[in-house]
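pasted the sequence and its predicted model underneath.
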Amino acid sequence: MASHGKKFRAALTHVDRKKIYPLTEALRLVIANAKSASRKFDETVEVALNLGVDTKLSDQMVRGVVQLPHGTGKTVRVAVFAKAEKADAAQKAGADIVGAEELAEKILAGFTDFDRVIATPDMMVIVGKLGKVLGPRGLMPNPKLGTVTPNVVEAVKAAKAGSIEFRAEKAGIVQAGVGKISFSEQALTDNIHAFIGAILRARPAGVKGTYLNRVTLSSTMGPGVRVDTSSVSAAG
């Protein structure tokens, strides 16, 4: 604990590490701790789930996309691989970077100033060469996630409006930012239920036993607060 700052340690005194809180109580605690710390930025509210899945098995992968009803509060920079009319349409829809071969070369040279990558199907020959760069960052376009699509306008608008991708990492952990401390409690609650509900609906058929093992809420700089899974399991 010595590595944490005074504000984190002060917030930790308000959290009973042995207690598992109902969602409403946990969220209020996270918000109160963040506001009392009076940091100079609007902290993100983060949700981390521990799932009872083995990500080494192909039939137990948990991955998808969910539209948060109140957005994330974050400005999402969208890169689109498209040409001609599709490129123009993506630009008009609000894409931050649009290109084809030249964009791929730029990314291979180290450009990473974007949060989402969308591509038209015909561009995947080019995008496929970026797997080693985009893959580890979870940014590789995927038709199942709606990021490989001929409808770039819809995809760009969804990304800008607050759709987030999720994927179970090692040990079955899924985490995401679901809003800002400045959001209303109701907006954050709605977003949390939407996020967890999407993951519950994405339960692989091959999973046996308990699927949702643990839920933890935190703010960017605050301590984690355990959440009673029964208070969020109805989200699905």
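Received it, and whenever you're ready, just let me know what you need.

which parts of this protein are helices?
6-12, 23-37, 84-93, 101-108, 124-127, 131-134, 152-161, 185-201 (DSSP state H).

among those, which gets the worst mean confidence?
Among the helices of the chain, helix 6-12 has the lowest mean pLDDT, at a mean of 59.

quick one on the thing from earlier: what would the helices of the chain look like in CSV with mean neighbour count?
In this view, the C-beta of every residue, glycine as well, is placed from N, C-alpha and C. Listed next are the helices of the chain as CSV, based on neighbours: other CB atoms under 10 Å:
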stretch, mean neighbour count
helix 6-12, 15
helix 23-37, 19
helix 84-93, 16
helix 101-108, 16
helix 124-127, 16
helix 131-134, 14
helix 152-161, 20
helix 185-201, 19
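
just put the ones you listed in CSV and tack on distance to Val178.
Shown next, in CSV, are the helices of the chain (distance: least, CB to CB, whole Å):
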stretch, distance to Val178
helix 6-12, 19
helix 23-37, 10
helix 84-93, 24
helix 101-108, 28
helix 124-127, 28
helix 131-134, 24
helix 152-161, 14
helix 185-201, 4
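
spatially central residue for the chain, please.
The chain has Ala176 as the residue nearest its centroid, 3.7 Å off, counting by CA atoms, centre = their mean.

from what I see, that residue and Arg167 are in contact.
No - between Ala176 and Arg167 there is no contact under CB atoms under 8 Å: 9.7 Å.

which one in this protein is furthest away from the centre?
Relative to the C-alpha centroid of the chain, counting by CA atoms, centre = their mean, Ala84 is the outermost residue, at 30.8 Å.

gap between it and Ala100?
Counting by CB to CB, to the nearest Å, the gap from Ala84 to Ala100 is 10 Å.

before we move on, back to that, for the helices of the chain, which one sits closest to Val117?
Val117 sits nearest to helix 131-134 of all the helices of the chain, at 6.1 Å, using CB to CB.

report the distance from the closest one to the chain centre.
19 Å (CA atoms, centre = their mean, to the nearest Å).

got the CA positions of that helix in CSV?
The C-alpha trace of helix 131-134 is given here as CSV (Å, rounded to 0.1, in the frame of the first residue of the first chain):
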residue,chain,number,x,y,z
GLY,A,131,-2.4,-7.5,-37.2
LYS,A,132,0.8,-7.4,-35.1
VAL,A,133,0.2,-3.7,-34.4
LEU,A,134,-3.6,-3.6,-34.0
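
please tell me how far the residue farthest from the centre of the chain sits from Met123.
Note on Ala84: its distance to Met123, by CB to CB, is 11 Å.

again, but for Thr220
Counting by CB to CB - Thr220 and Met123 are separated by 34 Å.

tell me the confidence at Gly138?
pLDDT at Gly138 comes out at 86.

for the residue nearest to it when sequence neighbours are not counted, name its beta-bridge partners.
Using CB to CB, 6 or more residues apart in numbering and skipping the chain neighbours, the partner closest in space to Gly138 is Arg167 (6.1 Å). On the basis of DSSP bridges, Arg167 is bridged to Arg63.

and Arg167, what does it touch?
Met61, Val62, Arg63, Gly138, Val174 (CB atoms under 8 Å, 6 or more residues apart in numbering).

surely Ala168 meets Met61?
Yes - counting by CB under 8 Å, Ala168 does reach Met61; the two are 6.7 Å apart.

re earlier: okay, Thr220 and Met123: which has more neighbours?
Neighbour totals were compared for Thr220 and Met123, and Met123 leads with 24 against 15 (other CB atoms under 10 Å).

please name the bridge partners of the residue nearest to Ile164 when sequence neighbours are not counted.
Using CB to CB, 6+ apart and skipping residues adjacent in sequence, the residue nearest Ile164 is Ala176, 5.4 Å away. Residues in a beta bridge with Ala176, per DSSP bridges, are Val47.
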